[in-house]
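> got a predicted structure plus its sequence, pasted below:
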Amino acid sequence: MKGQDAEHGSLDSRPAREAMTGVHTGRKRKGEQPVVPDTEFTSYYGKPVLNGPVWKSPDVPGYLFLGGVAGASSVLGAGAHATGRNRLAVAAKTGAFGAVTVSLGALIHDLGRPARFLNMLRVFKPTSPMNMGSWLLTAYGPCAGAAALSAVTGRLPRIGALATAGAALTGPAVAAYTAALVSDTAVPAWHDGHRELPYVFTGSAAVGAGGLGLLAAPDREAGPARNLALFGTVLELAAFRRMERRLGMVAEPYRAGKPGGMVRAGEALAVAGVAGATLGRRSRVARALSGAGLLAASALSKWGIFDAGKVSAEDPKYTIVPQRERLRERERGGDGWPAGNGAR
Amino acid sequence: MGTSFGRGGATTFQQDLANSDCIVIQGSNMAECHPVGFQWVMEAKARGAKVIHVDPRFTRTSALADIHVPLRAGSDIAFLGGIINYVLEHEKYFREYMLAYTNAATIVNERFAGADELDGVFSGLDRERRSYDVSTWQYEGAEVQAASGKRDQLWAERTRHGVRQSGRGEAHGSGGAEIGTEPRTDETLEHPRCVFQILKRHFARYTPERVEEICGVPREKFLQVCELLTENSGRERTSAFAYAVGWTQHTVGVQYIRTAGILQALLGNIGRPGGGILALRGHASIQGSTDIPTLFNLLPGYIPMPHAHTNEDLATFVEAESAQKGYWGNMKSYLVSLLKAWWGPAATPDNEFRFDYLPRLTGSHSTYETVLEQLDGTCNGYFLMGENPAVGSANAKMQRLGMAALDWLVVRDFSLIESATWWQDGPEIETGELRTEDIATEVFFLPAAAHTEKDGSFTNTQRLLQWHHQAVEPEGDARSDLWFIYHLGRRIREKLAAAARDGTRKEADAERDRPVLDLTWDYPTKGRHAEPEAEAVLAEINGWNADAEPLSTYEQLKDDGSTACGCWIYCGVYAEGVNQAARRKPGTEQNWVASEWAWAWPLNRRILYNRASADPDGKPWSERKAYVWWDAEQEKWTGHDIPDFKATKAPDFEPEEGAKGPDALRGTDAFIMQADGKAWLYVPAGLTDGPLPTHYEPHESPFANLLYGQQRNPVRQLLRHENNRFQPSDGQPGADVFPYVLTTYRLTEHHTAGGMSRWQPYLAELQPELFCEISPELATERGLEHLGWATIVTARTAIEARVLVTDRVSPLRVQGRTLHQVGVPYHWGPNGLSTGDAVNELASMALDPNTHIQEVKALTCDIRPGRRPRGPERVELVERYQREAGITDETGTEV
Amino acid sequence: MTTARTPVDPAGDSGYADHPPRMGFFTDTTVCIGCKACEVACKEWNAVPEDGLDLTGMSYDNTVGLGADTWRHVAFIEQRKPIGRQDPGLHHDQDVLTMAEHGTATQPPEAGMTPTTPGAGDDFRWLMASDVCKHCTHAACLDVCPTGSLFRTEFGTVVVQEDICNGCGYCIPACPYGVIDQRKDDGRAWKCTLCYDRLGDGLEPACAKACPTDSIQFGPLDELRERAGRRVEQLHEAGVPEARLYGADPDDGVGGDGAFFLLLDEPEVYGFPPDPVVTTRDLPAMWRHVASAAATLAAGAVAAFLGARKGR
Ligand SMILES: Nc1nc2c(c(=O)[nH]1)N[C@H]1C(S)=C(S)[C@@H](COP(=O)(O)OP(=O)(O)OC[C@H]3O[C@@H](n4cnc5c(=O)[nH]c(N)nc54)[C@H](O)[C@@H]3O)O[C@H]1N2
Ligand SMILES: Nc1nc2c(c(=O)[nH]1)N[C@H]1C(S)=C(S)[C@@H](COP(=O)(O)OP(=O)(O)OC[C@H]3O[C@@H](n4cnc5c(=O)[nH]c(N)nc54)[C@H](O)[C@@H]3O)O[C@H]1N2
Ligand code: SF4
Ligand code: SF4
Ligand code: SF4
Ligand code: SF4
Ligand code: SF4
Ligand SMILES: [Mo]
């Protein structure tokens, strides 16, 4: 055995540990293997694919609702200011300021500590709607505050007017950006609705702001508030319908269960509120009732949307089925992205 | 393994599995219990090896195997016997190997009668005494004596002297038996009484049909295993077996391993790369604790512990216990060096090196017998160091009752394990069987330091000594076991010495104290706790010569008192004064055998009996499987590993007439520890329950033995006690009360009795509570719900567990019936973060007669939905079951 | 989207001029033995708290999924499918389910059992897979983080800076894989750091180090992708056609994962989304719709005033 070096034989260097698990062992089965029919969808023990939103209720849906009311109210306030509807102006401006203050409070409560809000201002980040929202609120909040203060006290009218204009310019953005805030997640019901949700949100904001105006304004000044509510209702309903059609099964949570109930109740209340405000325009009580109803409608719709999002994240079906369909579609040679996503 | 091949240790090392062409994992759940070692199985697979897992359950090992063979727990001998029959019948054995290295050709004396003739028992059975007269198993033409333990039994019988039997077995069996003169052989293998023919007759009835009926393994599946195994064995290819406690924890455990030993020897798979039998050991240093034993019947290095015979001096002991041929021929050198290590200057030739100081055995003192002794009042004090019998030992209740009868109990552990708290919150307190205020045992709990907090070594599954250095100081009062033993000894010695000095000692006690006072008990200490230097202990274990120079091999040991050595098989671990166990040369910087990583006994050899990797002429059997070979030019054995053979003994060496010990070994006697230099297919002596493995049903079984009239191992060891009742087996009335087979095992996420895992949040959360695993079919049959509760009942007690319904446990078709098996991991107890009933409450003390290991792998039980009753009702439930099954103190104790 | 090849140098894109190669994981689930050493090693190294002691009944998985306190998660899937396309040899001639029908038992479907995929009664396999943060090329969590707490490291990985995170929770629903999560007691977001601290010291991540079978392979992503490709080919040749890579394609919805996988079944079986998309891919569209919705609101308000007679 001379000449054999210490490394001969089969005992060569180590290959990587890539064992052939599951390789055919030679023996063929008799007969055909029954093919497992593809069930509708498979998941890992029915567990969610996503970690759903951890945002707390009522903090965050409250924030969505009040932010919307504030933003739209600022526009209403500015209009009233410009058209000399003073009581409406004061009501809308203080309403906006109140709403934004409470909504900020809700946000901070959700974060835990005020300092944590300031953390967001250490960067300017357009890819983060929350960051952009923070800057927006930083611009909008003081305007709304100054506008309200000036309106209530009657002091510094010029600054008040400027602030009113500022709040009116940023207000719609405040009402609308929260749609991007929720859409810019993997939550199916939110993300997939990113095209329509901004309109749903601003519509709902208009409903709320209109309701607030109706509550506070005297009969002679209530017209624009009523009109705004009507506009909001139409916008919200139309956008929502469109969204549902486009989303297909992912829209289920908007219609079913508790969140669905809230959305539907919100829509019904909005319609009833607008109808009440129109039919009972002479009645103070009817106006107030309609106003409160419209505010509630706006709140319900935001709550419903918020909760529906959570539901859609918790049930793996909403994550897996559309994605699987998209894959199949792509395999069939289509573009594969759900219709509408082309608009990027 | 000891009786088959000569040493009680894995024949190979885990890394070598990578060279296998086929790996059979049976009686082990390697991926779960040895996950790190399992990488080498994966590597073998990557090289194209086939992996077969034979296990009642589909485990994480099965998930990675090519074939999983589910079989009925407790039926492995039938399965392996079937493969042996296949090998013999189809002549698939490796003939040249078998002829050269096994005792296939040896002729057995004519008084021998096998199980095939005697319906399941061997000649020599004494039914009264439940033991065998092993003299009828001898070779022909050779005066055969039993191996140490067995020999002693013979002596006792001859003299009718009342020394109770103390077993020998796999764990301790480093010593083979001894043979007086050369036995007769027949190289043609045709003599009707040659081992080969006896094997053939013995295993002829183990047909595929029988295997199917007994094991529940479909014929085709079984034949597929046979084919894979035999296709992958021979000159060019090798197959390995890996087993662990799925084989040992039976009343015929040792014979399970023997069956694999026969198979591997027939196929020529021992001593060769990619071959062998890998005994997967348990606790980090369980191999170490048999090498330098915590076992009652052994001295370090597998030297038997002397019995209390009259007139037994060193010379007669050595003559009686050592062998004429092979390395056991040098036993006197090993023993004298051990005595020198222990008693130093006090051990001299004149006083027989203080052989008289060694304690003497008066019977069996296994843990289970000790429990009975505690209850008898013969054992009054108990140290529990690194053990949790209230959870980990069979019949946990008996363990606690035994402890409750003690005067004192010392528990050294990390946390308050069940064995330390049973007196205040154990199950018997709940049932009212014990009341805290009635328990007189004084319990001391002393916190122990963990391995990270102390220096020391582990001897792992492949006989590898690996040194660990202290990383942190132990917290609080925690101290190492070395510290505890050393200082305990020091204080006892100081007290004895003081008593001797000041005259308070009675003269009669002087004799008693001398062995303790004469001990060499002088280790250097360090640090603020005066921690003894662990390396100094290692140096003593390694040994030194008269000039106090470290020894480097046990070949240097002398029987004249000029060398001292604490454990002869560890001699060399401190060669050149260097801690060889602390070597950590990375695998990338050496060949795959990695002989410079730590140190393996004996003499750093990694594959044992590796002389057999070459043919009788010393050439590798094949280029592919070359490992160790004779280099004719250099006139020595060489290769990848250190040859397990005298390096300069040529293949054609023939011993001189009358040569003794190692010198009597031929150049082809690869099994150098064996008295005839051969691997034993047939064991003429050394085992208590038969020269050949025979399928017996487990002690408790829902089936009759299909192969023989003899239902169970006739010499299985049973401890009788009212709290250790046995259940009827098939054919006896009441057997159907316990219709299911129960098996117990481990999970990756926990460790043994849980002391090291149930208190760890990261492990507890991975398996948070006790569960049982059952098939969907059994769930339906018994109305058990997934994640619901089940109560499992045996004649001992009832426990509760959450239910996991899973296809991983599937029903089997056995003897025409559907058999359901219930699986339960045994890690839980009531203390810690992750809790549950202790599964060992269910088990009985029915033991393997060789090793005294409990049968916890195959029991029978009943299972029912719902939680178990609380308080006294729990006892009542069990009594109801006992009545229903008609259980008496005789049930199950038939021979 | 499907054609444009997206850049795969996230570290470079994030402004690291001179940076080490992008590091990542290739998790080959076909050799995973489910030992969970990776889970424990991760927790030990990163001092991640215990995550609750619940027996879930989901095979041997009692940690359920990735979260703030589980950065590595091993999934266990029991299926009545043959082990890879091989003959598993369980009960050749006997279908245990029919056997049970004829035997002592009633119909198995009536028993509450673990959710195994229905299939032939004698087929069985047990899949195990160790999941982790994907360290996406286009990481939604990072994109949406309003504080800049999440950042891209020089190794191309995505890491949370716990001192900056304000617990806004935005990253959590943004992640398309359900990886990052909020720790209940401190409100902040936590996830795998790809052992940023170890990488910096030239060490491999704790989980990969602990993995006994090299199921978790750590290294430069390019090399891993190559190796993974070969591995899949090898498995296909060996008759395992269902072997597939997940997250290796730089053209997928997240621009490819820094941690990708070799699977034996559809991704959703393991709890992965089949076709994840980084949410911010649609952000420009979202901003456009937001702007137009805001304008609509403003226009609506103007109309509301125009349509209202003074005094009404
Ligand atoms: N993670 C972990 N690792 C460990 C331990 C631990 O507690 N946890 N313990 C260590 C210790 S002390 C030891 S001794 C080893 C033990 O290692 P193993 O022996 O591998 O451990 P077990 O799980 O007890 O039993 C192995 C298998 O035997 C099967 N089995 C039961 N009955 C039979 C039978 O009759 N025939 C056959 N063929 N198989 C049967 C069981 O289903 C089980 O899968 O593990 C060591 N490693
Ligand atoms: N039903 C059933 N029963 C079985 C088995 C089975 O498979 N089924 N397996 C059997 C087997 S193989 C084994 S090994 C046994 C194990 O049974 P035991 O040995 O009783 O159980 P362990 O939990 O390993 O106990 C070891 C204890 O030592 C402590 N310890 C660890 N390191 C140290 C140290 O350095 N010093 C000290 N003083 N203490 C330390 C640990 O905290 C732990 O509590 O169980 C046996 N029992
Ligand atoms: S626990 Fe230790 S001995 Fe057991 S497999 Fe892991 S590393 Fe090896
Ligand atoms: S997997 Fe989720 S958490 Fe990880 S980098 Fe991608 S988006 Fe972020
Ligand atoms: S929770 Fe922390 S890491 Fe996540 S987005 Fe908010 S600030 Fe960033
Ligand atoms: S890379 Fe580090 S942090 Fe990430 S899972 Fe592995 S161990 Fe945990
Ligand atoms: S990935 Fe590796 S460490 Fe983790 S469970 Fe699988 S084999 Fe174990
Ligand atoms: Mo063990």
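All right, it came through fine. Ligands and ions are numbered 1, 2, ... in the order given.
> does residue B:278 sit in a helix, a strand or a coil?
strand (DSSP: H, G, I helix; E, B strand; the rest coil).
> what's the burial count for it?
29 (other C-beta atoms under 10 Å in any protein chain shown). Heads up, the C-betas are built off the backbone N, CA and C, glycines and all.
> let me know the pLDDT of it.
Residue B:278 carries a pLDDT score of 96 in this model.
> quickly list what it is bridged to.
On the basis of DSSP bridges, residue B:278 takes part in beta bridges with residue B:242.
> distance check, it against residue B:264.
11 Å (C-beta to C-beta, to the nearest Å).
> so for these two, which residues contact both of them?
Shared contacts of residue B:278 and residue B:264 (C-beta atoms under 8 Å, 6 or more residues apart in numbering or on different chains): residue B:241.
> remind me which residues of chain A are low pLDDT?
A:1-40, A:334-344 (pLDDT under 70).
> give me every residue that touches the residue lying closest to residue B:109 once chain neighbours are set aside.
Residue nearest to residue B:109 in three dimensions, not counting chain neighbours: residue B:140, with 4.5 Å by C-beta to C-beta, 6 or more residues apart in numbering or on different chains. By C-beta under 8 Å, 6+ apart, the contact list for residue B:140 reads B:107, B:108, B:109, B:110, B:183, B:184, B:193.
> which of those count as buried?
B:107, B:108, B:109, B:183, B:184, B:193 (16 or more other C-beta atoms under 10 Å in any protein chain shown).
> contacting residues around the second one?
In this case it means residue B:108. B:137, B:138, B:139, B:140, B:193, B:194, B:195, B:198, B:682, B:684.
> follow-up on the earlier one: against chain C, how distant is the residue nearest to residue B:109?
44 Å (C-beta to the nearest C-beta, to the nearest Å).
> please determine how far that residue is located from residue B:107.
Relative to residue B:107, and taking C-beta to C-beta, residue B:140 is found at 4 Å.
> go on, residue C:246?
Per C-beta to C-beta, residue C:246 is found 65 Å from residue B:107.
> isn't residue B:553 right up against residue B:570?
No: between residue B:553 and residue B:570 there is no contact under C-beta atoms under 8 Å: 11.1 Å.
> just the closest residue of the stretch 1-150 of chain A to ligand 4, please.
Closest approach between the stretch 1-150 of chain A and ligand 4, counting by C-beta to the nearest ligand atom: residue A:51, at 9.0 Å.
> tally of neighbours for that residue?
Residue A:51 - counted by other C-beta under 10 Å - has 27 other residues nearby.
> likewise for the one 5 residues further on?
Applying other C-beta under 10 Å, we find 13 residues neighbouring residue A:56.
> same check, this time on residue A:68
Neighbours of residue A:68 (other C-beta under 10 Å): 33.
> next, the residue of the stretch 101-250 of chain A found nearest ligand 3: secondary structure please.
The stretch 101-250 of chain A approaches ligand 3 most closely through residue A:186 (37.4 Å), counting by C-beta to the nearest ligand atom. Secondary structure assignment for residue A:186 (three-state DSSP): coil.
> against residue C:175, how distant is it?
In terms of C-beta to C-beta, residue A:186 sits 6 Å off from residue C:175.
> please apply the same query to residue B:470.
43 Å.
> residues from chain B in reach of chain A?
B:18-19, B:39, B:41-48, B:50, B:64, B:66-67, B:220, B:224, B:228, B:273-274, B:591-592, B:618-620, B:623-627, B:629-633, B:639-640 (C-beta under 8 Å from any C-beta of the partner chain).
> before we move on, back to that, between residue B:553 and residue B:570, which one's more packed in?
With other C-beta under 10 Å as the criterion, residue B:553 and residue B:570 differ in neighbour count, and residue B:570 comes out ahead with 28 against 13.
> and the more buried one, what does it touch?
So, once contact is read as C-beta under 8 Å, 6+ apart, residue B:570 ends up touching B:291, B:292, B:300, B:301, B:465, B:541, B:542, B:601.
> in strands only, show me the residues you listed.
Counting by DSSP state E, these place residue B:465 in strands.
> relative to ligand 5, which of the contacts of residue B:570 is nearest.
Of these, the one sitting nearest to ligand 5 (C-beta to the nearest ligand atom) turns out to be residue B:465, at 49.2 Å.
> tell me the secondary structure for residue B:801?
Residue B:801 is classified as strand under three-state DSSP.
> isn't it up against residue B:841?
No: with contacts counted by C-beta under 8 Å, residue B:801 stays clear of residue B:841, the gap being 11.3 Å.
> show me what counts as buried in the helix or strand containing residue C:305.
Taking DSSP states H and E as the definition, residue C:305 sits inside helix C:283-306. Neighbour counts using 16+ other C-beta under 10 Å place C:283, C:285-287, C:289-291, C:293-294, C:296-298, C:300-301, C:304-305 of helix C:283-306 among the buried residues.
> then stretch B:634-654?
Buried residues in stretch B:634-654 (16+ other C-beta under 10 Å): B:637, B:638, B:639, B:640, B:641, B:642, B:643, B:644, B:645, B:646, B:649, B:651.
> same check, this time on stretch A:247-254
Result for stretch A:247-254 [16+ other C-beta under 10 Å]: buried residues A:247, A:250, A:251, A:252, A:253, A:254.
> closest to ligand 4 out of those?
For the buried residues of stretch A:247-254, the nearest to ligand 4 is residue A:250 (20.2 Å; C-beta to the nearest ligand atom).
> does the closest one touch residue A:191 like I think?
No: using C-beta under 8 Å, residue A:250 is not in contact with residue A:191, being 9.1 Å away.
> pull out the buried positions in stretch B:767-787.
Result for stretch B:767-787 [16+ other C-beta under 10 Å]: buried residues B:767-782, B:784-786.
> in helices only, show me those.
B:776, B:777, B:778, B:779, B:780, B:781, B:782 (DSSP state H).
> now do the contacts for the last one.
Okay, so that is residue B:782. Residue B:782 touches B:790, B:863, B:864, B:865, counting by C-beta under 8 Å, 6+ apart.
> could you list the buried residues of the lengthiest helix in chain A?
Secondary structure of chain A per DSSP H: the longest helix is helix A:284-314. By 16+ other C-beta under 10 Å, the buried positions in helix A:284-314 come out as A:286-314.
> next one: it to chain centre, how far?
13 Å (C-alpha atoms, centre = their mean, to the nearest Å).
> same question, stretch B:765-772
28 Å.
> what about residue C:246, how many residues close to it?
Other residues close to residue C:246 by other C-beta under 10 Å number 22.
> now, the contacts of residue B:108 that are in strands?
Reading strands off the contacts of residue B:108, I find no matches (DSSP E).
> ok, those residues vs chain A, which is closest?
residue B:195 (31.2 Å; C-beta to the nearest C-beta).
> what sits against the residue lying closest to the closest one once chain neighbours are set aside?
In this structure, residue B:195 finds its nearest non-sequential neighbour in residue B:682, 4.2 Å apart by C-beta to C-beta, 6+ apart. Shown in contact with residue B:682 (C-beta under 8 Å, 6+ apart): B:103, B:106, B:108, B:195, B:198, B:199, B:691, B:692.
> excluding its backbone neighbours, what's nearest residue C:194?
Nearest to residue C:194 is residue C:157, by C-beta to C-beta, 6+ apart, at 4.1 Å.
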